[in-house]
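K.L.:
sequence below, structure please.
(one chain, ligands or ions: 1)
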Amino acid sequence: MELYLDSANTEEIQKVSRLQFLDGITTNPSIIAKQSESFETKIKQIGRLIDGKVWCQVTGENAEEMYHQAIEMSGWTKDTVIKIPMNFEGLVAAGELVKKNIEVNFTLVYSLSQVILAAKANVAYISPYVGRTDNYSLDGKRFIKEAKSVFQNLNSSTKIIGASIKSPQTVVDLVHAGADAVTMSYDVLNKMFQSPLTDMGLDQFNEDWQNYIQNK
Ligand code: E4P
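P.N.:
As a prediction, the model looks like this:
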């Protein structure tokens, strides 16, 4: 399973880059808009901070604009994944990019018919937005399970990255549902390893150890 941080914040990226197992950084226009640097400067900076994939999204309004942006962006880091919106223009642009062996991700995927088109377009990834799905009382986890079964039925190698994750339990649920990858905020990533039982156990070990070395 691949694991990504959903952020463009330098401090956060620097911190998590110490985790050698992280597969990279995902961004989107809203995440980039929170930063002071230009888009290109920011993405290049992220590429220097981490060893892994850097995901960046095209903002063009038609297939030609998306294609040209994607070609430019793919040179910004060593390993760029191009995020393309799941719509007609995005499908056209993706077709051209896949032919050029560029890794494409269809973003904002919410229906199984979109999943079928992604498989036909032979893109590398799709991003179902699980948290945003759940916000409308639709079942994000179930959607991932069904998307996985569509890909299996079609013998597709397209991977599913669970996005818009709001809690560690959602990560667990998505792994059970068959997600190939997950991306999460710094906040959710930090909650992944936290447990008061771990802290209590460690406090007890430390106390016993201090007593032991003092009485030796
Ligand atoms: C990741 O690639 C997505 O852009 C991200 O997870 C969006 O999630 P949000 O609902 O937190 O904005």
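K.L.:
from now on I want contacts and neighbour counts done on CA atoms only, so please keep to that.
P.N.:
OK.
K.L.:
sec struct for the residue in the chain that the ligand sits nearest to, please.
P.N.:
Of all residues in the chain, Ser164 sits closest to the ligand, at 3.4 Å by CA to the nearest ligand atom. Reduced to three states with DSSP: H, G, I helix; E, B strand; the rest coil, the structure at Ser164 is strand.
K.L.:
what is the burial count for it?
P.N.:
Counted with other CA atoms under 10 Å, the neighbours of Ser164 add up to 22.
K.L.:
now Asp173
P.N.:
By other CA under 10 Å, the residues close to Asp173 number 15.
K.L.:
tell me which element it falls in.
P.N.:
Using DSSP states H and E, Asp173 sits within helix 168-177.
K.L.:
average model confidence for that helix?
P.N.:
Taken as a whole, helix 168-177 has a mean pLDDT of 97.
K.L.:
tell me the buried residues in the top helix by length along the chain?
P.N.:
The residue-count maximum for a helix in the chain (DSSP state H) belongs to helix 196-214. Buried positions in helix 196-214, judged by neighbour count with 16 or more other CA atoms under 10 Å: none.
K.L.:
starting at the chain centroid, how far to it?
P.N.:
37 Å (CA atoms, centre = their mean, to the nearest Å).
K.L.:
how far away is Ser111 from Leu22?
P.N.:
28 Å (CA to CA, to the nearest Å).
K.L.:
ok, the two, which is more surrounded?
P.N.:
Leu22 (17 against 12).
K.L.:
hmm, back to that, show me what the helix holding Asp173 is packed against.
P.N.:
Where contact means 3 or more CA pairs under 8 Å, 6 or more residues apart in numbering; DSSP states H and E, helix 168-177 is packed against helix 140-153, helix 186-192.
K.L.:
10 Å instead, please
P.N.:
Packing partners of helix 168-177 (3 or more CA pairs under 10 Å, 6 or more residues apart in numbering; DSSP states H and E): helix 130-134, helix 140-153, strand 159-165, strand 181-184, helix 186-192.
K.L.:
could the C-alpha coordinates of that helix be exported in CSV?
P.N.:
Output in CSV follows, covering the C-alpha atoms of helix 168-177 (Å, rounded to 0.1, in the frame of the first residue of the first chain):
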residue,chain,number,x,y,z
PRO,A,168,-7.2,7.2,11.2
GLN,A,169,-10.2,4.8,11.3
THR,A,170,-11.1,5.8,7.7
VAL,A,171,-7.5,4.7,6.7
VAL,A,172,-8.2,1.4,8.3
ASP,A,173,-11.6,1.1,6.6
LEU,A,174,-10.1,1.9,3.2
VAL,A,175,-7.3,-0.6,3.6
HIS,A,176,-10.0,-3.3,4.3
ALA,A,177,-12.0,-2.0,1.3
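K.L.:
need the pLDDT of the residue positioned nearest the centre of the chain.
P.N.:
Centroid-nearest residue in the chain, with CA atoms, centre = their mean: Thr183, separated by 3.3 Å. For Thr183, the model assigns a pLDDT of 98.
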